[in-house]
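# I need the structure of the sequence given here:
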Amino acid sequence: MTKLDTKYEMISIIITSFNEPKTIGKAIESFLDQNIKENYELYIAAPDKETHEIVKKYQNKNKKIKLFIDPGKGKSYAINLLLPKLKGEIIILSDGDVYVSENSIKELIKPFENSKTGCVTGQPISIENKNTILGYWSHLLCNAAHKLRERRHKQKKFLECSGYLWAFRNKIIKKFPLDVGEDTIVPIMFYRKNYEIKYSPKAKVYVKYPEKIKEFFKQKRRTAGAHDNISKYVNQKKIPKMKSFKNETFGTLQVLTYSKNIKELSWTFLLFPIRAYMWINLYFNSYIRKKKYTDAWKSVDGTK
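Next up is the predicted model:
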């Protein structure tokens, strides 16, 4: 393994936020509480004044925090605008409605000591009540994603990152498309440049998922739609989609043992037709109605 000096001169952290004044404080504090040995800059990108006011209060206490006035055209749009401004050798991205675990920065940048590593993703953990059906689904799907990334990491295969917490080398990718999820297209761009994509499960990020079925559908349709345009940029035979109906169906089947009782097992089986409906709906909107994913901020009750 090719080693690098792991002491970087600078790390750039970006928290993207959209109308999240109630959660942005906890998101910021979870990064400030890290034992970061390297010098760092912490950008908060947000379009709304409520979030701006909270960030300014934190700026008065910590000069490393920088406010970026997001023009409100979408998360990917804001990140593209920020990229030329970043001084860090490693860029870490997260959201304003999540918070990270202790030592997550240390765990996230550790794989970069291999010079062939281009991107690293952390592990999303649901904070929802597992005793409700939507809460249980959030835990099960997080576990399924963890198992998939863990397996592909060990096999040294391509894997997509989680937009809740991930990192990549600076100065390699100058700009990326807006009509595909940034946590998918950027790893693909690195992979095509012969970099490896790594998974660091000890870098945990705690996520609040939707508590209403309507918001659950909205979130999942948006996530799937963000991956629908990948074929425009890459040969799917060389870099297959991780988020697809086939992968999600069989991925869920593989974690049937995750269920601990009859109630949870019934909830697991109920998820199959729900997810099938979501993918059919996506196909109808994308290929019949010709309604494609676009980069734009959309509020979802729970998380983006």
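# Could you measure from the residue located most distally from the centre of the chain over to residue 268?
Within the chain, the residue lying farthest from the chain centre (Cα atoms, centre = their mean) is residue 262, at 31.7 Å. To residue 268, residue 262 is 11 Å away according to Cβ to Cβ, to the nearest Å. Quick note: C-beta positions are derived from backbone N, CA and C, even for glycine.
# cool, and residue 140?
On the measure of Cβ to Cβ, residue 140 and residue 268 end up 6 Å apart.
# So in this protein, where's the weakest helix or strand by average pLDDT?
Among the helical and strand segments of the chain, the one scoring lowest on mean pLDDT, DSSP states H and E is helix 245-254, with a mean of 54.
# Give the other helices and strands that the helix or strand immediately after that one in the chain contacts.
Next along the chain after helix 245-254, taking DSSP states H and E as the criterion, comes helix 262-283. With contacts taken as 3 or more Cβ pairs under 8 Å, 6 or more residues apart in numbering; DSSP states H and E, helix 262-283 sits against helix 133-154, helix 213-227, helix 245-254.
# quick one on the thing from earlier: list the contacts of the residue farthest from the centre of the chain.
Shown in contact with residue 262 (Cβ atoms under 8 Å, 6 or more residues apart in numbering): no residues.
# Pretty sure residue 94 sits in a strand.
Yes. Assigned with DSSP: H, G, I helix; E, B strand; the rest coil, residue 94 falls within a strand.
# so what's it up against?
Neighbouring residues of residue 94 by Cβ under 8 Å, 6+ apart: 13-16, 27, 31, 100, 164-165, 205.
# before we move on, what about residue 206?
98-101, 125-127.
# The same query, at a cut-off of 6 Å, please.
When contacts are counted by Cβ atoms under 6 Å, 6 or more residues apart in numbering, residue 206 touches 99, 125, 127.
# Please name the nearest non-neighbouring residue to the last one.
Closest residue to residue 127 apart from its sequence neighbours, by Cβ to Cβ, 6 or more residues apart in numbering: residue 206 at 5.0 Å.
# Buried residues of the one helix or strand that neighbour maps to, list them for me.
In this structure, residue 206 sits in strand 196-207 according to DSSP H and E. Of all the residues in strand 196-207, those buried under the rule 16 or more other Cβ atoms under 10 Å are 196-200, 203-207.
# Show me which of those residues is closest to residue 186.
Relative to residue 186, the closest of those is residue 197; by Cβ to Cβ it sits at 9.7 Å.
# doesn't residue 187 make contact with that closest one?
Yes. At 4.8 Å, residue 197 counts as touching residue 187 under the criterion of Cβ atoms under 6 Å.
# overlap in contacts of those two?
With contacts taken as Cβ under 6 Å, 6+ apart, residue 197 and residue 187 have residue 119 as neighbours in common.
# and the most centrally placed residue in the chain, what does it touch?
Nearest to the mean C-alpha position of the chain, counting by Cα atoms, centre = their mean, stands residue 163 at 1.3 Å. By Cβ under 6 Å, 6+ apart, the residues touching residue 163 are residue 183.
# helix/strand/coil for it?
When classified by three-state DSSP, residue 163 comes out as coil.
# ok, now how distant is it from residue 24?
16 Å.
# And residue 200, by the same measure?
Residue 200 sits 24 Å away from residue 24, going by Cβ to Cβ.
# For stretch 35-45, what is the distance to the chain centroid?
Mean-position distance between stretch 35-45 and its chain equals 18 Å (Cα atoms, centre = their mean, to the nearest Å).
# Ok, stretch 137-156 next?
With Cα atoms, centre = their mean, you get 14 Å for stretch 137-156.
# what does stretch 150-162 give?
14 Å.
# what comes up buried for that stretch?
152-153, 158-162.
# Perfect, I'm done here.
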